[in-house]
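>>> Predicted coordinates and the sequence they were generated for:
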Amino acid sequence: MAYSDKVIDHYENPRNVGTMDKEDPNVGTGLVGAPACGDVMRLQLKISDDGLIEDARFKTFGCGSAIASSSLVTEWVKGKTVDQAMTISNKDVARELALPPVKIHCSVLAEDAIKAAIEDFKKKRAARKAQAS
Amino acid sequence: MKLPIYMDNHATTPLDPRVLDVMLPYLREDFGNASSRNHVFGWKAEAAVKKARQQVAELIGATDQEIVFTSGATESDNLAIKGVVEYYKTKGDHIITLKTEHKAILDTCKRLERVRQERLDELKLLRLGQLAGRDVSPEEVAELAAKHDLENDETYEKWAEMPTGGARVTYLDVEKDGRVNLEKLEEAMTPKTVLVSIMFVNNEIGVVQPIAEIGALCRKKGILFHCDAVQGIGKVPFDVEAMKVDLASITSHKMYGPKGIGALYVRRKPRVRIAPIIDGGGHERGMRSGTLNVAAIVGFGHAAQLAREELADEAARILRLREKLRKGLTDALDMTIINGSMEHRLPGNLNISFAHAEGESLMMGIKDVAVSSGSACTSASLEPSYVLRALGVDEELAHSSIRFGLGRFTTEEEVDYVVQLVVDKVRKLRDMSPLYEMAKEGIDLKSIEWTAH
């Protein structure tokens, strides 16, 4: 399958690969996909108390499109607010990377990863609030 | 060393330059039709075909009269299975094959099952019409079948036992190492079994089946034995007499000959009969009509001769290189698994899973090396290989497997290069893999509730 230059670039030079401290109250972790399906994406976001995404890290098991999709969204979410990040859709990812139809799934996974990470962060914050009160 | 490196010799092999040399005159001045009996052009072509037929026969211990030229192994597989089912339909209609066979076998069997089912559906419609005393539409079948118990209807039972032109098929499981279990094979045989079709060497995992044992069992039971032998012939010894094979599919392009030419071995003693699937001028003793592709046949013949002469030396050399590749990869990388039997394996095959590094992205990382992924990830289904699944390979590992196919033109330098490249890329992918990180931390990946998608 012929990949676009952008996919190849992200695959060869993945941005923001790494691991953040899961226990950090300001880190939201989203783990989506399944090994049996051939792709697992983990996206971690460091979010300030007022909802600004300060940093992002990913690790992905999957094909070149899955790696490129996760690498791309780490770039996109940095500096955005949580609400802005929630508006990123898989269509934006698929369009930017010119994914072939059979790989649209990878962009869906990237969208899901953002949502899962933010949800995890919100849960943590709610738990913290409940503890404080 | 020249890039890219070709390590996908299961898919096809390059044409040996020596083969091309013998083919060229038959594409130029000696272009005659081998069926032209009345001039020298035809005689020359006929003689060349006769020689090639002899060369192909010798490679497998057959006689030239037992070789039927076809367009390749897919056609040979179709001709063997459909030809036997059609010819012996009054004797029985049951076939036994393996879940790990090539699609040319499995899809042919599935079609024969459909043919049988469609015929049974028609018969059911007819019988229900008789019982109801009027014409019955297909939509009414379920309702009427509930009323008239066809299961215990003697007339319908008798009809259903008549030849349908299709077949019932048993798809046998294989053992964990990819080999057939002979006891299970024997258990699956019934008085209605007309054919067992089991491949010689598996195209994905390189596992060699116990052909002689299968042949002996089939002979004892009076069942015909077809062997899709394309991946093994010319690379490991194959003898139709010693192995008691009745029909064997062969193709030229997996033994350094041209594409588009293959053969079906059809035993003469005891005689095996098949109905043709292509009718016409009665070429190939009526079993496969069509003007012979003389140049390709000549190339096929020469490729077969070279394979026979060089088999022992070549197998030893390729095995040494394969072992170098295997050792190089498994010494440098942890969590690697070889799929399929190591003992009963084609010298040039290495099917290996690199846990937690996905196969397709690994191939993307080693784009200068032509290999094949164990997982059919590029297909729309995103399903991992059915062969690996039949072996009970974990799905994640099936997504992480690569098939290396070494061949006549693989060099030591290439193997060294590939080892280094693959080791680097697997490490890079694992550094990027959440699964590898979790496995290293001792987290049981099976304990995690993954999001299905």
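Received, thanks.

>>> Can you name the residue of the stretch 201-350 of chain B nearest to chain A?
residue B:335 (12.8 Å; Cβ to the nearest Cβ). Backbone N, C-alpha and C define where each C-beta goes, glycine included.

>>> what's the spacing between the closest residue to that residue other than its chain neighbours and residue B:426?
Setting aside the residues directly before and after it, residue B:335 is nearest to residue B:355 in space (Cβ to Cβ, 6 or more residues apart in numbering or on different chains), at 4.0 Å. Applying Cβ to Cβ, to the nearest Å, the value for residue B:355 to residue B:426 is 10 Å.

>>> more neighbours, the two?
Neighbour tally, residue B:355 and residue B:426, criterion other Cβ atoms under 10 Å in any protein chain shown: the higher count belongs to residue B:426, 26 against 23.

>>> So that one lies in a helix, does it not?
Yes. Assignment of residue B:426 by DSSP: H, G, I helix; E, B strand; the rest coil places it within a helix.

>>> ok, now which ones touch it?
B:333, B:354, B:357, B:362 (Cβ atoms under 8 Å, 6 or more residues apart in numbering or on different chains).

>>> Now do the contacts for the residue of the stretch 201-350 of chain B closest to chain A.
B:354-356, B:436, B:439.

>>> Looking at those, which one is closest to chain A?
Of the contacts of residue B:335, the one sitting nearest to chain A (Cβ to the nearest Cβ) turns out to be residue B:356, at 6.1 Å.

>>> what secondary structure does the closest one sit in?
coil.

>>> Look at it and say how many residues are nearby.
Neighbours of residue B:356 (other Cβ under 10 Å): 25.

>>> next one: residue B:45
With other Cβ under 10 Å as criterion, residue B:45 counts 24.

>>> again with residue B:432
25.

>>> Leaving out sequence neighbours, find the closest residue to it.
residue A:17 (5.3 Å).

>>> ok, the one you found - contacts?
Contact partners of residue A:17, counting by Cβ under 8 Å, 6+ apart, are A:57-59, A:71, B:431-432.

>>> quick check, nearest of those to residue B:229?
Relative to residue B:229, the closest of the contacts of residue A:17 is residue B:432; by Cβ to Cβ it sits at 41.8 Å.

>>> surely the closest one meets residue A:59?
Yes. Between residue B:432 and residue A:59 there is a contact at 5.8 Å, judged by Cβ atoms under 8 Å.

>>> mean confidence for the lengthiest helix in chain B?
For chain B, the helix that runs over the most residues, judged by DSSP state H, is helix B:294-332. The average pLDDT within helix B:294-332 is 98.

>>> residues of it that come out buried?
B:294-308, B:311, B:314-315, B:317-318, B:321-322, B:324-326, B:328-330 (16 or more other Cβ atoms under 10 Å in any protein chain shown).

>>> Stretch A:21-32 too?
So for stretch A:21-32, counting by 16+ other Cβ under 10 Å, buried means A:26-32.

>>> Ends of that stretch, what's the gap?
Using Cα to Cα, to the nearest Å, the end-to-end distance of stretch A:21-32 comes to 18 Å.

>>> try stretch A:43-51
17 Å.

>>> Please state the offset of the helix or strand hosting residue B:187 from the chain centre?
Per DSSP states H and E, residue B:187 falls inside helix B:182-188. In terms of Cα atoms, centre = their mean, to the nearest Å, the centre of helix B:182-188 is found 21 Å from the chain centre.

>>> Note down every partner strand of the helix or strand following that helix and its orientation.
Next in sequence after helix B:182-188, counting helices and strands by DSSP H and E, comes strand B:193-197. As defined by DSSP bridges, the strand partners of strand B:193-197 come to strand B:94-98 (parallel), strand B:224-228 (parallel).

>>> what residues does the first one touch?
To tie it back to what came earlier, the one meant is strand B:94-98. B:81, B:85, B:105-106, B:109, B:112, B:167-174, B:180, B:185, B:188-190, B:192-199, B:390.

>>> mind listing the strands for the chain?
In the absence of a named chain, this looks at chain A. Using DSSP state E, the strands of chain A run over A:27-34, A:39-47, A:53-61.

>>> wrong chain, I was asking about chain B
Counting by DSSP E, the strands of chain B are B:5-6, B:67-70, B:94-98, B:168-172, B:193-197, B:224-228, B:247-251, B:262-266, B:336-338, B:349-354, B:369-370, B:372-373, B:401-405.

>>> Now tabulate those strands in a markdown table and tack on mean pLDDT, distance to residue A:6 and mean neighbour count.
Rendered in a markdown table, the data for the strands of chain B read as follows (pLDDT from 0 to 100; distance: least, Cβ to Cβ, whole Å; neighbours: other Cβ atoms under 10 Å in any protein chain shown):
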| stretch | mean pLDDT | distance to residue A:6 | mean neighbour count |
| --- | --- | --- | --- |
| strand B:5-6 | 98 | 27 | 20 |
| strand B:67-70 | 98 | 46 | 27 |
| strand B:94-98 | 98 | 43 | 24 |
| strand B:168-172 | 98 | 43 | 19 |
| strand B:193-197 | 98 | 47 | 24 |
| strand B:224-228 | 98 | 43 | 28 |
| strand B:247-251 | 98 | 40 | 29 |
| strand B:262-266 | 98 | 43 | 28 |
| strand B:336-338 | 97 | 32 | 17 |
| strand B:349-354 | 97 | 26 | 26 |
| strand B:369-370 | 96 | 24 | 18 |
| strand B:372-373 | 88 | 22 | 22 |
| strand B:401-405 | 96 | 25 | 27 |
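
>>> of all those, which lies closest to residue B:287?
That would be, of those and by Cβ to Cβ, strand B:67-70, which comes in at 4.8 Å.

>>> Who does the closest one pair with, and is each partner parallel or antiparallel?
Strand B:67-70 has these strand partners (DSSP bridges): strand B:262-266 (antiparallel).
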